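[1] Structure of the sequence below:
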Amino acid sequence: MAKKLYHNSRKIQPIIYFFSLLIFTNPFFITKKYLLFFPYRLLVLQILIFVICILFFLSPKYKFNKKKYLPFLIIGIYLFYNVIRTIFSIRQMTDYGLDVLIYLIPSIILFFIISQIKINKNERSLIAGSFVSGFLLSIIPGYFLQSQTVVSFSRLSLNWANPNYYASYLLISIGFTIYLWKLYSNKNAEKNWIKYLSLLSLILIIIFLFWTQSRGGILAFLLVIAIFILAYSIKRSKFKLLTTSVIILLILFIGLFYTFQKIRPATITFRERIYKSTFDYITDFWLLGSGLGSFVNYFPKYRQSDYKLIGQEDIITHTHNEFMEQWAETGIIGLLLFLAFIIVIILEAIKKISTFEAERKYFIGACLLSFLLFITHNLFTITMRLSPMQIYFYILAGLIFANYEEINIKINRTNKKKYILFILIPLFLWLISMNISNITGLGYFQRSKEEFTTSKRGLFASIKDAEKARNFIPHNPDLLYHLGYSNFYAKNYQKAIKYFDRLLAISPYYPQAHFWKGYIYSLNNNWNKAINEYKVELKYDQYPKVYFNLAIAYHYISDEKSSINYLQKYVEKIVEKIEKNLVLDRERILSQEKRNLNFAFENLKKYYIDKDKNKISELEQIKKILSP
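    Residues are numbered from 1 along each chain as shown. Next up, the predicted model:
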């Protein structure tokens, strides 16, 4: 018979120390370079998860919980489905999928490990303390980072490069500050200072949340708090509390609604347009999706073509709604698996809260609160698409499913699960090497962008480093675009065309790639090819400059009628841009287009003066509208 040993129910396990270290270090930054910001963090996460993996599979005291298999079955099928979809996709889609899998696989493995561990009271306190101390101690380095990389502190982002990302991190931290405050609020509790530190942390988190001006973050906070108050009031029959809370929350929601109309109103319009375009996208890929990580590749095909007229950015990387993006990329199959996983996690948390007593109940409640705040925020943002942020989703899910029984467990010394390491060690080494290669390539790319100028010396250095980057990240669309326009400015036109062709082979709808190709062909007097490229660009982008360049191209092939037609459309698009643009004011647009507008009016007047007097009157009216 195998010998038995007992798990100590009070001692903190080494695996929990590494897990807490992962939580604690995650909010800290390693580099100031934007492109490397999250890949470096991912590298640290990968290494720590690798260590946790080894500790778990080598130790005989951890065994698989066969009773609660449902979440592992769901997330296992979800991962397998996405791996198969990625492997059997066309080459360019495989590369997009691999970029996601290098952080999705470690996150799911970490979820599995945490959910199998027995976590005692001291370990729960350490885990919660890691969240709170990580938040507090990252404030000062975050302040210095933001002061050196961002123009102002009007919106707080600190260590997370973006206010919306920071808002998600703050929402995740809320549950654990409340847990620690509640844990040490007992009159007999030792370390009374932790209670006050936790309360201070909670106050700071709420202040910082509003300081981020993240509308999605604030809305998620109010929605989840409203749900918790509603559930508590109904359960306890405290209808006065319910009535008062509803009135206060309604006032807050109404106040926020009007405030949101004043603060960055353009982004609300942009977000609505992204959602509408994503629905069109989903109709084409509703069953199996377009492939993991491929949203940025396909979205330009479905977005409204007047996006530049209203001032929206060229590149939209994500849909700002995790569930819509899951559907777009993984189809209804992936979405249903993802939703099923969330539902199972929430039901497990509710079950434990209803059966556990005081302290354990508060800890699960903290995990559930943070989990709900995070997924609610991702109805309006993209933070689950960032590796250092997405891992919290699986950490919280794992903590909810972990073992919290307060009895000593008999453990067999035999350990058959250690043989799984023969698969996991090569897997992690491959994932880490993939990320290191990505970091090296992005490092050269970042330097290339910093070196880029229109001077010959700057261009030469920029192109050289971009070529080095391409050795490590050969299918990165942004890098290929950068190489295309860098070579254009260096007057290496054939090379520029080559890179734009490679870009379009990977990302056929990449914004402005066809415009650049058309412009290069026009400089080489290849006007027919230029016209073809400009017309393709117009399918996805009603950029006024495209109409103007088409007019010039038709002039050079002696098609004066088409040339005048596109000059007329160019003027009309400028009027439309002034009416619609949510970012640039009238004076700025007219200043940018002054030279081309004068050229257009002059040539239109010459063409119509003896042919169409009504057109001359129309032009005069438009000129008055456009005059300062």
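[2] distance between the helix or strand containing Ile574 and the chain's centre?
    Ile574 belongs to helix 560-580 when assigned by DSSP states H and E. Mean-position distance between helix 560-580 and its chain equals 36 Å (CA atoms, centre = their mean, to the nearest Å).
[3] Count the residues that sit near the spatially closest residue to Lys32 that is not a sequence neighbour.
    The shortest distance from Lys32 to any non-neighbouring residue, by CB to CB, 6 or more residues apart in numbering, is to Thr149 (5.9 Å). C-beta here means a position set from N, CA and C on the backbone, and glycine is covered the same way. Around Thr149 sit 14 other residues, with neighbours defined as other CB atoms under 10 Å.
[4] thought Thr149 was touching Phe29?
    No: look at Thr149 against Phe29 with CB atoms under 8 Å: they stay out of range, at 9.7 Å.
[5] What does Tyr232 show for phi and psi?
    phi -70, psi -40 (degrees, to the nearest 10).
[6] Kindly report the same for Lys118.
    Dihedral angles (degrees, to the nearest 10) for Lys118: phi -90, psi 120.
[7] Next up, the contacts around the nearest residue to it once chain neighbours are set aside.
    Excluding its sequence neighbours, the residue lying closest to Lys118 (CB to CB, 6+ apart) is Asn403, at 4.2 Å. With contact set as CB atoms under 8 Å, 6 or more residues apart in numbering, Asn403 has these partners: Asn65, Gln116, Ile117, Lys118, Ile119.
[8] now, the most widely separated pair of the residues you listed?
    Farthest apart among these by CB to CB are Asn65 and Ile119. That separation is 12.9 Å.
[9] Which one's more surrounded, these two?
    Legend: neighbour count by other CB under 10 Å for Asn65 and Ile119, higher for Ile119 (22 against 15).
[10] related to what we said a few turns ago, so which elements touch the helix holding Ile574?
    Using 3 or more CB pairs under 8 Å, 6 or more residues apart in numbering; DSSP states H and E as the contact test, the elements touching helix 560-580 are helix 307-310, helix 544-556, helix 586-608, helix 613-626.
[11] Which SSE is immediately downstream of the first one?
    Which is helix 307-310. helix 322-355.
[12] Going by neighbour count, which residues of that next one are buried?
    322-331, 333-335, 337-338, 340-342, 344-346, 348-349, 352-353 (16 or more other CB atoms under 10 Å).
[13] Over to stretch 235-246?
    Quick answer for stretch 235-246 (16+ other CB under 10 Å): Leu242, Ser245.
[14] who touches it?
    In contact with stretch 235-246 (CB under 8 Å, 6+ apart) are residues Ala226, Ile229, Leu230, Tyr232, Ser233, Ile234.
[15] If you average the pLDDT over it, what comes out?
    What stretch 235-246 shows for mean pLDDT is 72.
[16] Using CSV, write out the CA atom coordinates for it.
    Listed next in CSV are the C-alpha coordinates belonging to stretch 235-246 (Å, rounded to 0.1, in the frame of the first residue of the first chain):
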residue,chain,number,x,y,z
LYS,A,235,-32.8,38.6,0.2
ARG,A,236,-32.9,40.5,3.5
SER,A,237,-36.3,42.2,2.7
LYS,A,238,-34.7,45.6,3.3
PHE,A,239,-37.0,47.5,1.0
LYS,A,240,-36.0,51.0,2.4
LEU,A,241,-32.4,50.2,1.5
LEU,A,242,-33.6,49.0,-1.9
THR,A,243,-35.7,52.2,-2.6
THR,A,244,-32.9,54.6,-1.4
SER,A,245,-30.3,52.7,-3.4
VAL,A,246,-32.4,52.7,-6.6
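[17] any idea whether Trp286 is helix, strand or coil?
    coil (DSSP: H, G, I helix; E, B strand; the rest coil).
[18] Do I have it right that it meets Ile332?
    Yes: assessed by CB under 8 Å, Trp286 is found in contact with Ile332 at 5.8 Å.
[19] Check the contact lists of these two and give me the overlap.
    Joint contacts of Trp286 and Ile332 (CB under 8 Å, 6+ apart) do not exist.
[20] Tyr96 versus Ile506, what's the distance?
    To Tyr96, Ile506 is 9 Å away according to CB to CB, to the nearest Å.
[21] Identify the contacts common to these two.
    Asn297.
[22] So for these two, which sits in the more crowded spot?
    Higher neighbour count among Ile506 and Tyr96: Tyr96, with 25 against 19, using other CB under 10 Å.
[23] For the closest residue to the more buried one other than its chain neighbours, list the residues it contacts.
    Closest residue to Tyr96 apart from its sequence neighbours, by CB to CB, 6+ apart: Gly293 at 3.7 Å. Gly293 is in contact with Tyr96, Gly97, Leu98, Asp99, Val100, Glu329, counting by CB under 8 Å, 6+ apart.
[24] Of the residues you listed, which belong to strands?
    Members of the contacts of Gly293 lying in strands (criterion: DSSP state E): none.
[25] Check pLDDT for the residues you listed and point me to the minimum.
    Ranking the contacts of Gly293 by pLDDT puts Tyr96 at the bottom, with 78.
[26] Give me the distance between that one and Tyr499.
    In terms of CB to CB, Tyr96 sits 19 Å off from Tyr499.
[27] Same question for Leu242.
    For Leu242, the distance to Tyr499 - CB to CB - is 62 Å.
[28] Leu223 now?
    46 Å.
[29] Give me the more crowded residue out of these two.
    Tyr499 (24 against 17).
[30] Could you verify that the more buried one is part of a strand?
    No: according to three-state DSSP, Tyr499 belongs to no strand; its state is helix.
[31] give the contact list for it.
    Applying CB under 8 Å, 6+ apart, the residues near Tyr499 are Leu480, Tyr481, Leu483, Gly484, Asn487.
[32] Domain-wise, how is this protein divided?
    4-213+264-414, 514-628 (automatic domain parsing).
[33] Return the angle between stretch directions for the helix holding Ile574 and helix 544-556.
    170 degrees (axes from the mean of the first three to the mean of the last three CA atoms, to 10 degrees).
[34] Need the residues that contact helix 560-580.
    306, 308-310, 542, 544, 547-548, 550-552, 554-555, 586, 589-590, 593, 596-597, 600-601, 603-604, 607, 619, 622, 625-626.
[35] Any of these buried? List them.
    Using 16+ other CB under 10 Å as the threshold, 306, 308-310, 542, 544, 547-548, 550-552, 554-555, 589-590, 593, 596-597, 600-601, 603-604, 607, 619, 622, 626 are the buried ones among the contacts of helix 560-580.
[36] where exactly do the helices run in the stretch 1-150 of the chain?
    14-25, 37-58, 70-87, 91-116, 121-137, 139-149 (DSSP state H, counting those that start in this stretch).
[37] Same list (these) but as TSV, adding distance to Ala161.
    TSV is the format used below for those (distance: least, CB to CB, whole Å):
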stretch	distance to Ala161
helix 14-25	17
helix 37-58	5
helix 70-87	27
helix 91-116	17
helix 121-137	17
helix 139-149	8
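[38] Which of these comes out lowest on mean pLDDT?
    helix 91-116 (a mean of 86).
[39] List the buried residues of it.
    92-116.
[40] Okay, angle between that helix and helix 37-58 too, please.
    Using the same axes, to 10 degrees: helix 91-116 against helix 37-58 is 50 degrees.
[41] Check the offset of helix 91-116 from the chain's centre.
    Taking mean C-alpha positions (CA atoms, centre = their mean), helix 91-116 and its chain are 15 Å apart.
[42] mind starting the numbering at 67 from now?
    Understood, numbering begins at 67; the last thing we discussed is helix 157-182.
[43] which helices and strands sit right next to that helix?
    Using 3+ CB pairs under 8 Å, 6+ apart, helix 157-182 sits against helix 103-124, helix 136-153, helix 361-368, helix 453-467, helix 487-517, helix 559-572.
[44] residues in contact with the second one?
    Going back to what we said before, that points to helix 136-153. Contacts for helix 136-153 (CB under 8 Å, 6+ apart): 159-160, 163-164, 166-167, 170-171, 174, 177-178, 181, 354-355, 357-358, 396, 399-400, 403-404, 406-407, 410-411, 414, 463, 467.
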